[in-house]
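Student: structure for the following, please:
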Amino acid sequence: MSISRREFLKTNTAAALSVAAGGSILPEFRFPYSESIAQTALDKPVRIAVLGTGNRGRGLMGILLGLKNVEFPALCDIQPANLEMAQEMVVKAGRKKPEGYGKDETDYRRLLERDDIDAVIIASYWEWHTPMAVDAMQAGKYTGVEVPAAYTLEECWDLVKTHEATKVPCMMLENWSFRRDNLAVLNMIRKGLLGEIVHCHCAHSHDCIDHWFFDPDTGLDRWAAKYLLTHNRDQYPTHQQGPVLSWMDMGCGDYYDHITSTATECFGINDYFNRRFGPEHPNAKRKYMQGDIISSVVRTKKGRSIVINYDMQLPRPYDNRWMIQGNRGLYDEDRSVVYLTGKSPQYHQWEPFSPYQELYEHKWWKAIRSEAGQFSHGGTDYLELKLFVEAVRNKTQTPLDVYDAALMSANGPLSEESIAKGGAPIPYPDFTGGRWQTARPKFAVE
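Tutor: Modelled structure (predicted):
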């Protein structure tokens, strides 16, 4: 019989706190390594358990299997086929078959009791992201959790409070924070090429109706479809914000103050089913709460603005539309161009971004470009997981922390509240307890 989550947390809190007591403040992330890190640390195996071995979980495993000295003692999934495929991946890679867990939805807690696991990767359905991450931190395991790390505001606070109680790092796996172009832009900003940052636009424009929300062959609901029926919000807010937090020093000099959000009506979903499956398909007649386009505007404590766009239900090619603008210039990802006052050769004329990409290449990408290209998302997932594993191996803080996870994830529930109140401004909670005012930038600092 499974123990309750409350009982599990109670019995594991003391152990987790004892793990954390050896160093309540972890060293900042370092990569490539400084000479002070012993070579023996580089060769130390990192033992990882994956919770959720569906498509995304196995995709992450495929990358992790390519890293040096990564072991998989155990895996968890309640769907036997997913679990078996993941175990077979490890065996085919020449490693010992991981022990499988999956007798019910809480069997992962039994896995977390193992003492041969250093970290967990969570790639389960959204509703399990926070419970699993909280339980993993309570068990003293480094935690990497897929996006969004939390769905409700309460869950955002659960992550923060658990981390502060245990001191165990929790990193949301927001891969767009690690994109090659985004990190080069970050270097340009930090070197002052754009001047004082004033405004940013970002979007997650990705038509997911015919594969992510619904089955492409039958039109039947997939796991994420239920959220379209019961919520009207930015359902997937973190890919937009991934690079923006570091570009604009959120959490280390500035912070989100309030958000206002507006939603269109839902036109696209019913039209898709009428076109693809005909008007008699049950999903063609269903009423969806989710609007097609969510437009949010965030004002920061220092008076800057961010437009955040959600667009996942209308026919369109993939697009992020990042634009970061300062008082000396701007970068436009959609056009792959920049304009820099006093530097660009023609007055008020764009110039290509590509030379700047090479000139301001981030050291992380300089170190891994030759090995990363074979992996998903242009190698971005490879870099993200490599950095996470090295943080676990060296017992340093992860490059993104729990406060980043909470702030990005909070846009979901806060946009929903603003929409429900007719676009009213909704204040952000300060997950850092005021520390953003004095904290120094730490992500990807060269």
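Student: quick check: longest helix in the protein by residues?
Tutor: helix 402-420 (DSSP state H).
Student: would you mind listing the buried residues in it?
Tutor: The neighbour-count check on helix 402-420 (16 or more other CB atoms under 10 Å) flags 402-416, 418-419 as buried. The C-beta positions use only the backbone N, C-alpha and C, and glycine is treated the same way.
Student: could you do stretch 289-308 as well?
Tutor: In stretch 289-308, counting by 16+ other CB under 10 Å, buried: 290-301, 304, 306-308.
Student: stretch 196-214 now?
Tutor: Result for stretch 196-214 [16+ other CB under 10 Å]: buried residues 197-198, 200-209, 213-214.
Student: of all these, which two lie farthest apart?
Tutor: Using CB to CB, the pair of these lying farthest apart is 198 and 214, separated by 40.0 Å.
Student: and the residue nearest the centre of the chain, what pLDDT?
Tutor: The chain has residue 174 as the residue nearest its centroid, 2.4 Å off, counting by CA atoms, centre = their mean. In this model, residue 174 is scored at 98, pLDDT.
Student: my guess is it contacts residue 240. True?
Tutor: No. Assessed by CB atoms under 8 Å, residue 174 is found out of contact with residue 240, at 10.0 Å.
Student: quick one, helices of the stretch 101-250 of the chain?
Tutor: Taking DSSP state H, counting those that start in this stretch as the criterion, the stretch 101-250 of the chain carries its helices at 108-112, 129-138, 153-166, 180-190, 225-230, 238-247.
Student: tell me which residues in the fifth one are buried?
Tutor: Looking back up the chat, that one is helix 225-230. By 16+ other CB under 10 Å, the buried positions in helix 225-230 come out as 225, 227, 228.
Student: including distance to residue 139, could these go into JSON lines?
Tutor: Rendered in JSON lines, the data for the buried residues of helix 225-230 read as follows (distance: CB to CB, whole Å):
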{"residue": "225", "distance to residue 139": "32"}
{"residue": "227", "distance to residue 139": "28"}
{"residue": "228", "distance to residue 139": "34"}
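Student: ok, those residues vs residue 370, which is closest?
Tutor: Nearest member of the buried residues of helix 225-230 to residue 370, counting by CB to CB, is residue 227, at 40.0 Å.
Student: do I have it right that that closest one meets residue 235?
Tutor: Yes. Using CB under 8 Å as the test, residue 227 is close enough to residue 235 to be in contact (5.8 Å).
Student: one step back: now do the longest helix of the chain: which elements does it pack against?
Tutor: helix 153-166, strand 170-172, helix 238-247, strand 256-263, strand 293-300, strand 305-311, strand 426-427 (3 or more CB pairs under 8 Å, 6 or more residues apart in numbering; DSSP states H and E).
Student: if we use 6 Å, what do you get?
Tutor: If you count contacts as 3 or more CB pairs under 6 Å, 6 or more residues apart in numbering; DSSP states H and E, helix 402-420 packs onto helix 153-166, helix 238-247, strand 256-263, strand 426-427.
Student: nearest to residue 362, of those?
Tutor: Here helix 238-247 is closest among the helices and strands packed on helix 402-420 (CB to CB), at 10.9 Å.
Student: what is the closest one packed up against?
Tutor: Looks like helix 238-247 contacts helix 180-190, strand 197-205, helix 402-420 (3+ CB pairs under 6 Å, 6+ apart).
Student: looking at the ones you listed, which is nearest to residue 156?
Tutor: Of these, nearest to residue 156 by CB to CB is helix 402-420, at 4.1 Å.
Student: mean confidence score for the closest one?
Tutor: Rounded mean pLDDT across helix 402-420 is 98.
Student: what sits up against it?
Tutor: 148-150, 152-153, 156, 159-160, 163, 170, 172, 231-234, 237-238, 241, 245, 251, 259-261, 263, 296, 424, 426, 431-432 (CB atoms under 6 Å, 6 or more residues apart in numbering).
Student: repeat that for stretch 133-147.
Tutor: 9, 12, 16, 19, 109, 112, 117, 119-123, 129, 158, 162, 166, 168-174, 238, 388, 392.
Student: pull out the buried residues from those.
Tutor: 9, 12, 16, 19, 109, 112, 117, 119-123, 129, 158, 162, 166, 168-174, 238, 388, 392.
Student: thinking again about what came up before, ok, which of the helices and strands packed on helix 238-247 comes nearest residue 358?
Tutor: helix 180-190 (8.3 Å).
Student: packing partners for the strand or helix carrying residue 271?
Tutor: Applying DSSP states H and E as the criterion places residue 271 in helix 268-276. Helix 268-276 is packed against helix 282-285, with contacts defined by 3+ CB pairs under 6 Å, 6+ apart.
Student: residues contacting the helix it packs on, please?
Tutor: By CB under 6 Å, 6+ apart, helix 282-285 touches 219, 270, 273, 274.
Student: what's the farthest-apart pair in those residues?
Tutor: Most distant of these, by CB to CB, are 219 and 270, 11.7 Å apart.
Student: tell me the SS of residue 49?
Tutor: strand (DSSP: H, G, I helix; E, B strand; the rest coil).
Student: isn't it up against residue 116?
Tutor: No. Residue 49 is beyond contact range of residue 116, at 9.3 Å (criterion: CB atoms under 6 Å).
Student: which of those two has more neighbours?
Tutor: residue 49 (26 against 10; other CB atoms under 10 Å).
Student: okay, the more buried one: pLDDT?
Tutor: So residue 49 comes in at 98 (pLDDT).
Student: report the residue ranges of every domain in the protein.
Tutor: 5-175, 177-361+400-437 (automatic domain parsing).
Student: rank those by pLDDT, which is bottom?
Tutor: domain 5-175 (a mean of 86).
Student: from residue 178, how far out is residue 380?
Tutor: Separation of residue 380 from residue 178 (CB to CB, to the nearest Å): 5 Å.
Student: look at those two and report which has more neighbours.
Tutor: residue 178 (28 against 22).
Student: distance of the more buried one from residue 253?
Tutor: Distance from residue 178 to residue 253, by CB to CB: 21 Å.
Student: kindly report the same for residue 190.
Tutor: Distance, residue 190 to residue 253, using CB to CB: 12 Å.
Student: burial measure for the closest residue to residue 105 other than its chain neighbours, as a count.
Tutor: Leaving out its chain neighbours, the residue that sits closest to residue 105 by CB to CB, 6 or more residues apart in numbering is residue 78, at 5.9 Å. Close neighbours of residue 78, defined as other CB under 10 Å, add up to 17.
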